[in-house]
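**Q** Below: sequence and its predicted model.
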Amino acid sequence: MSEGVGIENSIDLDQAKVDSELQPSHKADGVWPKLRIQHVSKSFQSKNGKVYVLEDINFEIQQGEFVCIVGPSGCGKTTLLNIVAGLEKADAGEVWANDYKINGAGTDRVVIFQEAALFPWLNVIKNVEFGLKLKGINGSKRRSTALEYLKMVHLTKFQNAHVHELSGGMKQRVAIARALAMNPEMLLMDEPFSALDAQTRWILHFELQNIWLKTKKTILFVTHNIREAVCLADRIIILSSSPGRIKKEFLVNLPRPRDDNDVNVAEYSTRIMKELKAEIDKVMKCEMDADSCVECDIKCTTEGVAKTDMGGGI
Amino acid sequence: MYSIFKRAVFFILLIGFWELLFRCGIWPEYVLPSPVSVYKTLIRGFQDQTFIIGIAISMKRIAIGYGISIVIGIFLGLLIGRVRVFEETLGSLISGLQTLPTICWLPLALLWFGLNDRAIIFLVIMGAVLSITVATDVGVKSVPPLYIRAAKTMGARGWKLYLEVIIPAALPHIITGMKQGWSFAWRSLMAGELLIVCLGLGHLMMIGRELNDMSQVIAVMIVIVIIGILVDRLFFVKMEKRIRERWGLVKG
């Protein structure tokens, strides 16, 4: 299923990146994959009949892998994440985490939402402690664990602050600390940085990569931002829209920590963008006036980026 | 400071006007007593402890009645707010009953409980419980679903979800309902004590009326107003301020 798109056929890049590019993305080896999604389908009933949001989705995620799901708006990527989280039920198909079938929400799969979803009645440290308290961990142990993770996101100074006193980026960092404090098997992130300004997002991309390198958590990350996906992921799964199907998979094998503005990241994004062009086209045609020329707009932007590239010969 | 000064001047003028009206001698003293005699009655009432006993008895009743209505009100509000069936059935009953003045429950209370404490407590409960129920219902319905989803992925379910997420998230609404419920409870208590005469502040007022001692009636009225204000200031205003600060609804 996975299709590694080799970098070697494009431009001269570091040797390190080219290695292992075409390896299969998952091996059985008798070990359970962290997450197995099998034949998952989901549809909603709307006024105009049934809408197929997801159709026969199949993929696996290995222990410690950082996977991004990318797709145009309305392709069901958030629905897919919710199904994995156990917050929504699939019409058909199964989701397995390790060796058990997912049936409802569980503390082994903590979700980080687009809005931080911090609780305003608790201060920062109590928010981080929330999940631990539910687990029944006692006061002092709880506090020290919470502080440890708050330190990881560099916010110990704000441990007694109220939630509304934090900026958007700080809230999202607290949400990450809160999720990590639960010590989940897997982090599910639903466009967590899309509401933030560009600079904050840029910093958080570094922080998240560092946290991932430190904790080696399995991360499933949903985004509509291809650049973000290339910056963060080991593997990118592209979903098509209506019905949501897996269109393609890409392996990203650039050295870490990656920078959003890095030329290689930009170059890789452009190539994925081109693959996605048809999908974006489809969505745009639904959303925009009939007389608009989506084709030429996209051509314009993609060629523009290509020209500014190092090699430019894509 | 300036507003306190303005308020003081206003009340001094008001009392002065009252004294002036009394001195004109248009009405006999049992219709309009002087502020001085009201003040004396107030002092005497506290000195011989009749007022203190009256306050204690009334406060005990309202503490029991109001306490019960908080528990019942929050429970019913959660049921109506979270369970569809209860919203469609119980919800409509509650909103219907809200139009009924509390004192209309008096005949029922007398038949069920007789002329005693329990009838008064029943009135207090009926006064407060509906506002708390409705406010809790509104509060529960306005809890952002995102909080519930986030809490679920962190392992909150069953009663813990209610205790740790839904009730705290609905607390601003619940406090508003409790504040309104308190004022209704306080009014129902006085109505009950006036009509079911068995000790308490309301009873003291009725004694004043029976003895043609208008200064006692007014003195008790002042006590009732002061207790009402104190509870509001010391508890509800503080609570609301704390919640507003915490949730970031005010600056500073």
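**A** Looks like it came in fine. Numbering: from 1, shown residues only, chains lettered A, B, ... in the order given.
**Q** Going by C-alpha atoms from here, please, whenever you check contacts or count neighbours.
**A** OK.
**Q** what pLDDT, on average, does stretch A:106-115 get?
**A** Stretch A:106-115 comes out with an average pLDDT of 92.
**Q** how about the CA coordinates for it, as CSV?
**A** Output for stretch A:106-115, consisting of C-alpha atoms alone and laid out as CSV, is shown next (Å, rounded to 0.1, in the frame of the first residue of the first chain):
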residue,chain,number,x,y,z
GLY,A,106,-9.0,5.3,26.2
THR,A,107,-6.1,6.8,28.1
ASP,A,108,-3.6,5.1,25.8
ARG,A,109,-4.6,7.4,23.0
VAL,A,110,-4.8,11.0,24.2
VAL,A,111,-6.0,13.6,21.7
ILE,A,112,-4.7,17.1,21.3
PHE,A,113,-7.3,19.2,19.6
GLN,A,114,-7.1,22.3,17.4
GLU,A,115,-8.3,24.4,20.3
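**Q** Tell me how many other residues surround residue A:271.
**A** Residue crowding around residue A:271 was assessed by other CA atoms under 10 Å in any protein chain shown; the count is 17.
**Q** and the helix or strand containing it, how far from the chain's centre?
**A** With elements delineated by DSSP states H and E, residue A:271 resides in helix A:263-287, which encompasses its position. With CA atoms, centre = their mean, to the nearest Å as the basis, helix A:263-287 stands 17 Å off its chain's centre.
**Q** Give the buried residues for it.
**A** A:264-273, A:276-277, A:279-285 (16 or more other CA atoms under 10 Å in any protein chain shown).
**Q** do the same with stretch B:139-152
**A** When neighbours are counted by 16+ other CA under 10 Å, the buried residues of stretch B:139-152 are found to be B:139-141, B:143, B:147-152.
**Q** ok, of those, which one's closest to residue A:80?
**A** Nearest to residue A:80 among those is residue B:149, at 15.1 Å by CA to CA.
**Q** Now that closest one, what are its backbone angles?
**A** The phi/psi pair for residue B:149 (degrees, to the nearest 10) reads phi -60, psi -40.
**Q** doesn't residue A:86 make contact with it?
**A** No - contact status for residue B:149 versus residue A:86: not in contact, 9.9 Å apart, counting by CA atoms under 8 Å.
**Q** Next, name the residue at the spatial heart of chain A.
**A** For chain A, the residue lying nearest the average C-alpha position, counting by CA atoms, centre = their mean, turns out to be residue A:221 (1.4 Å).
**Q** A strand includes it, no?
**A** Yes - looking at residue A:221 with DSSP: H, G, I helix; E, B strand; the rest coil, it is inside a strand.
**Q** near chain A too, which of the buried residues of stretch B:139-152?
**A** B:147, B:149-152 (CA under 8 Å from any CA of the partner chain).
**Q** Those: which two are farthest apart?
**A** Pairwise distances across these (CA to CA) peak at 8.5 Å, for the pair B:147 and B:152.
**Q** Contacts made by the helix or strand harbouring residue B:13 with the rest, please.
**A** Under DSSP H and E, the secondary-structure element containing residue B:13 is helix B:2-24. Helix B:2-24 is contacted by residues B:29, B:32-35 when judged by CA atoms under 8 Å, 6 or more residues apart in numbering or on different chains.
**Q** Most neighbours out of those, which is it?
**A** Among these, residue B:33 has the most neighbours (other CA under 10 Å), with 22 neighbours.
**Q** Find the nearest non-adjacent residue to that residue, please.
**A** Computed as CA to CA, 6 or more residues apart in numbering or on different chains, the closest residue to residue B:33 that is not its neighbour in sequence is residue B:215, at 5.6 Å.
**Q** What residues does that neighbour make contact with?
**A** For residue B:215, counting by CA under 8 Å, 6+ apart, the contacting residues are B:30, B:33-34, B:37-38, B:41, B:208.
**Q** and whichever helix or strand it is part of, average pLDDT?
**A** Residue B:215 is part of helix B:214-231 when elements are defined by DSSP H and E. The predicted model gives helix B:214-231 an average pLDDT of 94.
**Q** Now it: buried residues?
**A** Buried residues in helix B:214-231, counted by 16+ other CA under 10 Å: B:214-221, B:224.
**Q** near chain A, which residues of the stretch 101-250 of chain B?
**A** When proximity is defined as CA under 8 Å from any CA, the stretch 101-250 of chain B approaches chain A at B:146-147, B:149-156, B:160, B:168-169, B:243, B:246-248.
**Q** Try it again at 6 Å.
**A** B:147, B:153-155, B:247-248 (CA under 6 Å from any CA of the partner chain).
**Q** Chain B: helices as residue ranges?
**A** If DSSP state H is used as the criterion, the helices of chain B fall at B:2-24, B:35-47, B:50-82, B:84-88, B:90-97, B:106-113, B:117-141, B:145-153, B:159-161, B:167-195, B:201-210, B:214-231, B:238-247.
**Q** Need the winner for burial among those helices.
**A** helix B:117-141 (a mean of 26; mean count of other CA atoms under 10 Å in any protein chain shown).
**Q** helices or strands up against that helix?
**A** helix B:50-82, helix B:167-195 (3 or more CA pairs under 6 Å, 6 or more residues apart in numbering or on different chains; DSSP states H and E).
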